[in-house]
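A.B. asks: Fold the following for me, if possible:
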Amino acid sequence: MYRLLLLAPLSDEGLALLRAAPDVQFDIARWKRSDVLTRIGQYDAIIVRTGKIIDRELLDRAVHLKVIGRGGAGLEGLDLAAATARGIIVMNLPQANDLALAEHTLALLLALCRQLPAAAAAVRRGEWDRTPFAGVQLNQKTLGLVGFGPIGQLVAARALAFGMEVLANDPYIDAEAARQLRVSVTTLDDLLARADMVSLHMALTPETRGLLGATQFARLKPGARLVNGASSELIDETALIEAITSGHLAGAALDGLQTETADHPLFHLPNVIITPRLGPHTAEAQQTLSLQIVQQVLDALRGTDYRNVVNLPFNVGPDFPQVRPYLELAEKIGALHGQLAGGRVRSVEIEVKGEGMTERVKPVAVALLKGLLSHLLTEPVNYVNAPALADARGLVVSQTRGLPGADYANWIACRVKWPDGERVIAGTLFGTTESRIVLLDNVRMDAKPEGTVLVMFSQDVPGVIAKVSALLYQFTINIAEWHLGRDAPGGSALSFINLDSPISVEGLAALRALPEVVDARLVHL
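C.D. replies: Numbering: from 1, shown residues only. Predicted structure coming up:
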């Protein structure tokens, strides 16, 4: 049973989805931070909204935390490095609010151009003179979009419907999307010089913080207007105040400020509109957001999908259900290596073969490390922290070619080395879902890597199977399956014996004492 803490409000639909989950108990926190710090150690997952502080202090106390679901795109206030080091999955919703944000951008733009807040306030005061509130039309004006991701593209489509010309600037611009929308791609300086209205749609990064300052405002054409529905940190607010006060800018519409105080200087400027971060706040967006973040967190807890995880060392796309069986196979191979290695593992070499396998090398390597390190370390290991844990222990991981394998359409092979030895294990999938070990120490076989397994190295001589079976019977151990391979007749044999229950330490010692047995290991897969 997973325990989940809600540090953010969810829609009724999101709560209903949680209540219907048979493997989840959840609490809705209306606690102070001190209460959260005291209780956070009980929970496997939390759901939070942008703006909540999830720092190292909180994460240090979250000893069972596996998943953080961020109900929005932003990660401000979340210590991503600390979460990653602890193997905590961090996921967000990069596009759940895009339509709401795009529509709010147009609402801000129209309100700014038609002076709607000031006009509405005048009417409430009984002043019906419309003369002071002459506005400007969007038709035949030029809109400059700084940032042309999904939100910028939605804004562009709607601005074009108003008859606007649209310019866009983005270091990672989707040129094909721009071409199809009839949007002109240009430099930031050119955009500022030509645009009648500028709208910001950039993510906040160290490079974009303070993107528009005094220099950029000076490049804007006189009388231009600014809309910002993205992070307020993109703008130098002092420079903005100066540009509006001087008359160089005709006005600005901002969804939020850097400091949300009642006496902010921007409130004293009549041609500035400020809203309390309303961009994503629609009933439809909140419902979509709630359903998506709940389902993502449940899928991540259950290990069925990892979409929108921001700290996985590999990308997860819509083909994850097809990739997942290969990751499970890789974990099994890694787990076998971890339990059979004859010393401290120093290096891991991986080879994949088959159609579509080249693109899966990175996730396969991460899964293999997870399986390997889970049996070598006492701390929790998962896809998030496995590469960092391997690096911290000086484990060298590389892709290689030429490992012994088998004639299967798709397979994964791995060689691990320790100071005085090495081992190669290869596996494949039967029917695209069933894992099989097909090679171990140059011995070909067809074995199921599941449950409790006795891996036995012996001489290839008559009577071994009978003696081992009798000994297992003596210790009341039932054999589920026995897969046997050998390197040559009369040479070395390898048995992969699936057991219904583990053999005791005494039983394992008795097995190793048989003269034909070279070594025997009990592994759990």
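A.B. asks: Remind me which helix or strand the residue lying closest to Trp128 once chain neighbours are set aside belongs to.
C.D. replies: Nearest residue to Trp128 in three dimensions, chain neighbours excluded: Ala122, at 7.9 Å (CB to CB, 6 or more residues apart in numbering). C-betas here are computed from N, CA, C, even on glycine. Using DSSP states H and E, Ala122 sits within helix 116-124.
A.B. asks: Repeat that for Gln25.
C.D. replies: strand 24-28.
A.B. asks: For the residue nearest to the spatial centre of the chain, give me phi and psi.
C.D. replies: By CA atoms, centre = their mean, the mean C-alpha position of the chain lies nearest to Val309, the distance being 1.1 Å. Dihedral pair for Val309: phi -80, psi 130, per degrees, to the nearest 10.
A.B. asks: what do you get for Ile497?
C.D. replies: Dihedral angles of Ile497 (phi, psi; degrees, to the nearest 10) stand at phi -110, psi 110.
A.B. asks: beta partners for it?
C.D. replies: Ile497 has these beta-bridge partners by DSSP bridges: Leu454, Trp482.
A.B. asks: ok, now how distant is it from Leu7?
C.D. replies: Applying CB to CB, to the nearest Å, the value for Ile497 to Leu7 is 49 Å.
A.B. asks: More neighbours: which of the two?
C.D. replies: Ile497 (24 against 21; other CB atoms under 10 Å).
A.B. asks: In contact with that one, which residues?
C.D. replies: Val453, Leu454, Val455, Met456, Val468, Ile479, Glu481, Trp482, His483 (CB atoms under 8 Å, 6 or more residues apart in numbering).
A.B. asks: if we go to 10 Å?
C.D. replies: Ile497 makes contacts with 447, 452-456, 465, 468-469, 472, 477, 479-484, 503, 520, 522, as judged by CB atoms under 10 Å, 6 or more residues apart in numbering.
A.B. asks: Where does the prediction get shaky in this protein?
C.D. replies: For the chain, the stretches with pLDDT under 70 are 51, 405-406.
A.B. asks: mind checking the longest strand of it?
C.D. replies: Scanning the chain for the longest strand, with DSSP state E as the assignment, gives strand 421-430.
A.B. asks: quick one: that strand to chain centroid distance?
C.D. replies: Mean-position distance between strand 421-430 and its chain equals 29 Å (CA atoms, centre = their mean, to the nearest Å).
A.B. asks: list the buried ones in it?
C.D. replies: For strand 421-430, the neighbour count (16 or more other CB atoms under 10 Å) marks Glu422, Arg423, Val424, Ile425, Ala426, Gly427, Thr428, Leu429 as buried.
A.B. asks: Determine which two of these are furthest apart.
C.D. replies: Spatially, the most separated pair among those is Glu422 and Leu429, at 24.9 Å (CB to CB).
A.B. asks: about what we covered before: can you give me the distance of the residue nearest to Trp128 to Gly247?
C.D. replies: Here Ala122 is placed at a distance of 22 Å from Gly247 (CB to CB).
A.B. asks: Between those two, tell me which one has more neighbours.
C.D. replies: Ala122 (16 against 10).
A.B. asks: show me what contacts that one?
C.D. replies: Gln115, Trp128, Asp129, Arg130, Pro132, Phe133.
A.B. asks: Next, count neighbours for the last one.
C.D. replies: With neighbours defined by other CB under 10 Å, the count for Phe133 comes to 14.
A.B. asks: Who are the contact partners of it?
C.D. replies: By CB under 10 Å, 6+ apart, Phe133 lies in contact with Arg114, Gln115, Leu116, Ala118, Ala119, Ala120, Ala122, Val123.
A.B. asks: Just the buried ones from those, in ChimeraX syntax?
C.D. replies: Of the contacts of Phe133, the buried ones go into a single ChimeraX selection, burial set by 16+ other CB under 10 Å:
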select :114,115,119,122
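A.B. asks: is it true that Cys414 touches Val361?
C.D. replies: No - counting by CB atoms under 10 Å, Cys414 stays clear of Val361, with 11.7 Å between them.
A.B. asks: For these two, list the residues in contact with both.
C.D. replies: The contact sets of Cys414 and Val361 overlap at Ile350, Glu351, Val352 (CB under 10 Å, 6+ apart).
A.B. asks: now those as CSV including distance to Ile89?
C.D. replies: Listed next are the shared contacts of Cys414 and Val361 as CSV, based on distance: CB to CB, whole Å:
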residue, distance to Ile89
Ile350, 23
Glu351, 28
Val352, 24
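A.B. asks: from those residues, which is closest to Glu284?
C.D. replies: Nearest member of those to Glu284, counting by CB to CB, is Val352, at 43.1 Å.
A.B. asks: what are the pairing partners of the helix or strand where the closest one lies, and which direction each?
C.D. replies: In the assignment (DSSP H and E), Val352 maps to strand 347-353. Paired neighbours of strand 347-353 in the sheet (DSSP bridges): strand 396-399 (parallel), strand 411-418 (antiparallel).
A.B. asks: Can you say which of those strands is packed in most?
C.D. replies: strand 411-418 (a mean of 23; mean count of other CB atoms under 10 Å).
A.B. asks: what angle do that one and strand 421-430 make?
C.D. replies: Interaxial angle, strand 411-418 versus strand 421-430 (axes from the mean of the first three to the mean of the last three CA atoms, to 10 degrees): 160 degrees.
A.B. asks: chain center to strand 411-418, what's the gap?
C.D. replies: Taking mean C-alpha positions (CA atoms, centre = their mean), strand 411-418 and its chain are 27 Å apart.
A.B. asks: Using CSV, write down the CA coordinates of that strand.
C.D. replies: What follows is strand 411-418, C-alpha atoms only, in CSV (Å, rounded to 0.1, in the frame of the first residue of the first chain):
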residue,chain,number,x,y,z
TRP,A,411,19.4,-9.6,-27.3
ILE,A,412,21.3,-7.9,-24.6
ALA,A,413,24.8,-9.0,-23.5
CYS,A,414,26.8,-7.7,-20.6
ARG,A,415,30.4,-8.4,-19.4
VAL,A,416,31.4,-7.3,-15.9
LYS,A,417,35.0,-7.4,-14.6
TRP,A,418,36.5,-7.6,-11.2
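A.B. asks: What helix or strand is Ala16 located in?
C.D. replies: Using DSSP H and E, Ala16 falls in helix 12-19.
A.B. asks: Other residues contacting that helix?
C.D. replies: 4, 6, 8-11, 24-26, 28, 47, 71, 286-295, 297-298.
A.B. asks: Return the set of buried residues in that helix.
C.D. replies: Neighbour-count burial for helix 12-19 flags Gly14, Leu15, Leu17, Leu18 (criterion: 16+ other CB under 10 Å).
A.B. asks: quick revisit: in CSV: the shared contacts of Cys414 and Val361, plus neighbour count and distance to Thr433.
C.D. replies: Output for those, formatted as CSV (neighbours: other CB atoms under 10 Å; distance: CB to CB, whole Å):
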residue, neighbour count, distance to Thr433
Ile350, 23, 21
Glu351, 22, 22
Val352, 21, 17
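A.B. asks: Show me which of the residues you listed is closest to Leu59.
C.D. replies: Closest approach between those and Leu59, by CB to CB: Ile350, at 31.1 Å.
A.B. asks: quick one, phi psi at Val461?
C.D. replies: phi -130, psi 160.
A.B. asks: Count residues in the vicinity of it, would you?
C.D. replies: Count around Val461 with other CB under 10 Å applied: 11.
A.B. asks: And for the one 3 residues further on?
C.D. replies: Val464 has 19 neighbours, counted by other CB under 10 Å.
A.B. asks: quick one: it and Ser492 touch, right?
C.D. replies: No - using CB under 10 Å, Val464 is not in contact with Ser492, being 11.4 Å away.
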